[in-house]
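# need coordinates for the below:
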Amino acid sequence: MIELYYAPGACSFVPHVALEMIREATGQAFEPRLIKLHRAEHRAPEYLALNPEGQVPVLVVDGKVLTQIVAICDFLDREHPAVGLLPAESWARAQALATLAWFNNTAHPAFTHVFMPNKFADGEAYQAEVKRVGRDRYHDILKRIDSMVAAQTGPYWLGDRLSVLDAYAIALLRWGGLGGIDPESLPAYYAYMQRVAKAPAVAAAIERERLQLNVFKKA
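Have a look, this model is predicted:
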């Protein structure tokens, strides 16, 4: 039995899409377990027993717990190599993992400074400065991704096949809207997001999480 603990719009969207890709290709079902962050369900004792960090995603496979996106995606890909969550060829796989890790350890934390400045400073003035600097840094990262997408030759990050990189890239641009960055100001990236969102596995995860892709609101 496979269970995924996820929160709508969070980075758990990445393994959510991966599991939908696996379901589409193999028929392997999974149980989605909704965690409502606004109700602090990620801080409940029973959830902290699964992940002491109080974060999503958590993957539970036959009672065994796995956390961290890169590890979860690597595991799911090794379990279902024919699905193509990551490339099969060694060098291409290493490059894809490098990008996935960069999304996770550089782009993602940059947004955390925008969305949760209280984690990095006390006092409204200091938190406002953390948020301002973080937003500028995050905007630079999204511009870099926009350039990377513009240089691609296929509809997806890795060419003609959907991968976990596409799921993370969508999440990152969507967060930009939450941080006050208009996704339409990044035309290649925005067109790519709309294109990827139509893939059946991505669309299924978006529907379950009830996500609106463009959440930017003009001041």
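
# pull out the buried positions in stretch 67-84.
By neighbour count on 16 or more other C-beta atoms under 10 Å, the buried set for stretch 67-84 is T67, Q68, I69, I72, C73, D74, F75, L76, D77, H80, V83, G84. Quick note: C-beta positions are derived from backbone N, CA and C, even for glycine.

# of those, closest to V164?
C73 (4.7 Å; C-beta to C-beta).

# how much space between the closest one and A199?
17 Å (C-beta to C-beta, to the nearest Å).

# then K64?
Using C-beta to C-beta, K64 is found at 29 Å from A199.

# do L34 as well
22 Å.

# go on, R23?
Where A199 is concerned, R23 sits at a distance of 13 Å (C-beta to C-beta).

# and the next helix or strand past the helix or strand of the chain with the lowest mean pLDDT?
Lowest on mean pLDDT, DSSP states H and E among the helices and strands of the chain sits helix 108-115, with a mean of 91. As assigned by DSSP states H and E, the chain's next helix or strand after helix 108-115 is helix 124-150.

# what's around A49, how many residues?
Per other C-beta atoms under 10 Å, the neighbour tally for A49 reads 9.

# so what's it up against?
Listed by C-beta atoms under 8 Å, 6 or more residues apart in numbering, the contact set of A49 is empty.

# list phi and psi for the residue nearest to K218 when sequence neighbours are not counted.
With C-beta to C-beta, 6 or more residues apart in numbering as the criterion, K218 has its nearest non-adjacent residue at 7.8 Å, and that residue is D182. Dihedral angles of D182 (phi, psi; degrees, to the nearest 10) stand at phi -70, psi 120.

# buried sites along stretch 174-185?
Residues R174, W175, G176, G177, G179, I181, P183 are the ones in stretch 174-185 that count as buried (16+ other C-beta under 10 Å).

# cool, and stretch 118-129?
Quick answer for stretch 118-129 (16+ other C-beta under 10 Å): Q127.

# for it, what is the distance to the chain centroid?
On the basis of C-alpha atoms, centre = their mean, to the nearest Å, stretch 118-129 sits 25 Å off its chain's mean C-alpha point.

# ok so, going back, R23 and A199: who's more crowded?
Per other C-beta under 10 Å, whichever of R23 and A199 has more neighbours is A199, with 20 against 17.

# what about that one, distance to G179?
With C-beta to C-beta as the criterion, A199 and G179 are 25 Å apart.

# confidence score at the closest residue to P183 other than its chain neighbours?
Leaving aside its chain neighbours, P183 sits nearest to Y190 (4.7 Å; criterion: C-beta to C-beta, 6+ apart). Note for Y190: predicted pLDDT of 97.

# count of neighbours near Y190?
The tally of other residues near Y190 (other C-beta under 10 Å) stands at 19.
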